[in-house]
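# Give me a model of this one.
(one chain, ligands or ions: 2)
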Amino acid sequence: MSSADTYFKNIGKGFWTVLLGMKVTMRHLFTPAVTIQYPDARMPIPERGRNRLYVNMDDCIGCNQCGMACPVGCITIETAKSLPTEDLGVTSTGQKKRLWVTQFDIDFAKCCYCGLCVPPCPTECIYMTDVFEFSEYDRDKLNYSFITLTPEEAAQKTEQAKAAEKEAAAKKAAAAAAAAAQKAAQPQNVTPSQNVTQPPAQSIPPAAPRPAPAVAPAPQPAVKPEIAGAEAGQAPSVTAEPQGGQKVSSPESVYPPKPQEQATRAPQELKPNDNPKGSAD
Ligand code: SF4
Ligand code: SF4
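Residues are numbered from 1 along each chain as shown. Ligands and ions are numbered 1, 2, ... in the order given. Below is the predicted model:
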């Protein structure tokens, strides 16, 4: 190929490359634009997007559930008890309001927009909004206060609650002192054990005195054996005289005869004239 041919071939290749690039440009030239002209135009915010919080103080009962759920501690709530004569009304969910909310601050400079403070609210009065444009040059301006009371009213409600609390404490102390005095004035013969409720004790009759056992004194006979006829070989006749005055005339009852004595005594009791076989002799 000559040098002239190469020259014209490169020129055509360049034109073709330009046409390919212009093809992509021409295709996007007639498609609709996707750029949003913020702030004149805005993209729609997702329905569950987490942005700046808002608190509807008409429904807030000052329970501090949201403050306890906050992981960074950017919610500060102060309340004051209402007087019995004050009626704070009810929330839209029907709960009676009993506390004055004297401070409800959310520091959005600390908030991480986690949304953990929203679910615990019993009246659903704290929620996320679609407001995300609240940048400030001063960080202190990101601390939002939501209370509806003026600073003077909040201070007055706080003082009023403190005075009522002090009065209630004084009344309680006086009642306790009166009760203690009344207790001290009671007769002291009541032992603590009697204050305890116990079942009535059963009346157990005293045990009847046991009769003394009629133990007759053991006879201690002053035995004066009178052995009569011992020399004559007869059986001794023992006369015992016990101390009770009774006479025991049976010698066996005093001195029971021993077996060998019985054997030797029997023939002695026989008189020479006694014949056990009758008059055979
Ligand atoms: S969104 Fe999270 S960080 Fe912000 S106030 Fe609620 S709980 Fe606290
Ligand atoms: S949880 Fe709800 S009602 Fe309770 S203090 Fe927070 S915003 Fe108020």
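# Not counting its neighbours along the chain, what's nearest Met128?
Once flanking residues are discounted, Met128 sits nearest to Arg50: 5.2 Å by C-beta to C-beta, 6 or more residues apart in numbering. Just so you know, the C-beta spots here come from the backbone N, C-alpha and C atoms, and that holds for glycine as well.
# typo on my end, Tyr127
Val118 (5.8 Å).
# I'd guessed that neighbour sits against Met128; true?
Yes - between Val118 and Met128 there is a contact under C-beta atoms under 8 Å: 6.6 Å.
# Quickly list what's touching both of these two.
Here Val118 and Met128 have Leu53 as joint contacts, going by C-beta atoms under 8 Å, 6 or more residues apart in numbering.
# in the stretch 101-250 of the chain, which spans are strands?
Applying DSSP state E, counting those that start in this stretch to the stretch 101-250 of the chain gives strands spanning 126-128, 143-145, 222-223, 240-241.
# which residues sit against the first one?
By that I understand strand 126-128. Under the criterion C-beta under 8 Å, 6+ apart, residues 49-56, 60, 66, 113, 115, 117-118 lie in contact with strand 126-128.
# Does ligand 2 have contacts with that strand?
Yes - using C-beta under 6 Å from any ligand atom, we find that strand 126-128 touches ligand 2 at Ile126.
# Okay, now the sheet partners of that strand, with direction.
If you go by DSSP bridges, strand 126-128 pairs up with strand 53-55 (antiparallel).
# Contacts for the strand it pairs with, please.
Residues from elsewhere that reach strand 53-55 (C-beta under 8 Å, 6+ apart): 104, 106, 108, 111, 117-118, 125-129, 131, 146.
# hmm, 10 Å instead?
For strand 53-55, the external contacting residues (C-beta atoms under 10 Å, 6 or more residues apart in numbering) are 66, 74-75, 77, 101, 104, 106, 108, 111, 113, 115, 117-118, 121, 125-129, 131, 144-147.
# filter those to the buried ones?
Using 16 or more other C-beta atoms under 10 Å as the burial test, the contacts of strand 53-55 include 66, 74-75, 77, 101, 104, 106, 108, 111, 115, 117-118, 121, 125-126, 128, 144, 146-147 as buried.
# Make sure Thr6 is indeed in a strand.
No - counting by DSSP: H, G, I helix; E, B strand; the rest coil, Thr6 is not part of a strand but helix.
# Now do it: how many residues are near it, please.
Neighbour count of Thr6, defined by other C-beta atoms under 10 Å: 9.
# per-residue pLDDT, it?
As predicted, Thr6 sits at a pLDDT of 92.
# now Lys13
Lys13 is assigned 95 on the pLDDT scale.
# check which helix or strand covers it.
helix 3-29 (DSSP states H and E).
# what does Glu78 give?
According to DSSP H and E, Glu78 maps onto strand 75-81.
# Give me the mean pLDDT for that strand.
On average, the pLDDT along strand 75-81 is 95.
# tell me what that strand is packed against?
Secondary-structure packing of strand 75-81 (3 or more C-beta pairs under 10 Å, 6 or more residues apart in numbering; DSSP states H and E): strand 53-55, helix 65-69, strand 99-107, helix 151-185.
# Now Gln103. Nearest residue, chain neighbours left out?
Leaving out its chain neighbours, the residue that sits closest to Gln103 by C-beta to C-beta, 6+ apart is Glu78, at 3.7 Å.
# Wait, that neighbour touches Ala154, no?
Yes - in this structure, Glu78 is within contact of Ala154 by C-beta atoms under 10 Å, at 8.1 Å.
# so what's in contact with these two at the same time?
Contact criterion C-beta under 10 Å, 6+ apart; residues shared by Glu78 and Ala154: 100-103, 147.
# And the residues you listed, which is closest to Ser92?
Nearest to Ser92, judged by C-beta to C-beta, of the shared contacts of Glu78 and Ala154 is Val101 at 15.8 Å.
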